[in-house]
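Colleague: Here is my input, please return the structure:
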Amino acid sequence: MKTWWVLLSIIFLSCGRLAAQTSIGFKAGYTSSSASYRVTLGSFPRTVTGITAPTYSFVIEQFFEKNAGAQIEVQWLTTGYAATDTINVGNETRFDYLKVPILSNFYLGNSGRFHIKLGPHLGYLLQAREVNRIVEGELVIPTYGQAADRPRKVMYGLTAGVGLSKLFGKHTLQGEVRYSYEFGNPESQERIFDLNFTQLEFSLAYLFRVLQ
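Modeller: Numbers count the residues shown, from 1 in each chain. Below is the predicted model:
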C-alpha cells in the first residue's frame with residue numbers, strides 16, 4: 001500500500017504544477033455489478049446477476065485547457081454477484097475494493113458542460129464476503145470469503161463515463177453515468193478458469209475550486 005500512496009502523491013504533485021485550475025470534492029452514487037465466468041478454458045461463458053450497492057469517492061479534478069483536463073479518484077466500491085441462474089441460485093458474494101480511477105476529461109460548454117471521461121483504474125481488495133451460500137458443485141462459482149480462499153487483491157481495468165456539470169463560481173455540481181470493465185480475476189487457486197465483473201455507476205458530485 002505504501003507504493004500506492006507514493007504513486008498517487010507523484011501524480012497529484014505533477015498535476016498541480018501543470019493545472020490552471022484545481023477542484024476537489026466528493027462523489028456519491030450507486031453501482032450495479034454483473035459477473036461472467038467460465039469454469040474451464042473453452043467452456044461456455046455464463047452470466048450471473050450482479051448486485052447494487054452505494055459507492056463513495058474523494059475527487060481531485062484538474063483543468064489543463066478550456067475543454068480538457070484530468071481527474072483522480074479514491075473510491076470505495078462494492079462489486080460481486082447475487083446469482084439467480086439455475087446453477088448458482090441462492091449464492092451471493094460481495095467484494096469491497098479501494099479503487100483509483102485515473103481519467104482524462106473532455107468538456108463541451110461553459111458554465112453548463114457536457115463531459116466525457118475515460119482511462120484506466122486500479123484497485124485493492126479490502127474484504128471478500130460470503131453473504132449467502134446455498135449451492136456447491138463443479139459448475140458453481142467458488143467461495144471467496146472463507147479463510148482459505150485467498151482471492152487476488154489487485155483489480156485493474158478501464159473506466160468510461162458521460163455526464164453533465166454546472167458551474168456556480170467556485171462550485172461545481174456533476175451528474176454522471178459510468179461503465180467499468182475489470183480485466184483482473186479474483187481467482188488465484190485455479191478452481192475456475194475466469195471470473196470478470198462489470199459495473200454501471202450512477203453518481204452525483206460536488207467540487208470546490210481550491211487553485212486558480
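Colleague: From now on I want contacts and neighbour counts done on CA atoms only, so please keep to that.
Modeller: Noted.
Colleague: end to end, how far does stretch 135-149 reach?
Modeller: End-to-end distance of stretch 135-149 (CA to CA, to the nearest Å): 17 Å.
Colleague: buried stuff in that stretch?
Modeller: The neighbour-count check on stretch 135-149 (16 or more other CA atoms under 10 Å) flags 140, 141, 142, 143, 144, 145 as buried.
Colleague: now do stretch 95-109
Modeller: Residues of stretch 95-109 classed as buried by neighbour count (16+ other CA under 10 Å): 95-107.
Colleague: likewise stretch 82-99?
Modeller: 82-83, 87-89, 91-99.
Colleague: Just the ones in strands from these, please.
Modeller: Judged by DSSP state E, these include 82, 92, 93, 94, 95, 96, 97, 98, 99 as members of strands.
Colleague: Which residues outside stretch 156-169 are in contact with it?
Modeller: For stretch 156-169, contacts defined as CA atoms under 8 Å, 6 or more residues apart in numbering pick out 101, 103, 111-123, 172-184.
Colleague: Any quick ChimeraX command for the buried ones out of those residues?
Modeller: Applying 16+ other CA under 10 Å to the contacts of stretch 156-169, the buried members can be selected in ChimeraX as follows:
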select :101,103,112,113,114,115,116,117,118,119,120,121,122,123,172,173,174,175,176,177,178,179,180,181,182,184
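Colleague: Among the contacts of stretch 156-169, name the ones in strands.
Modeller: 101, 103, 112-123, 172-182.
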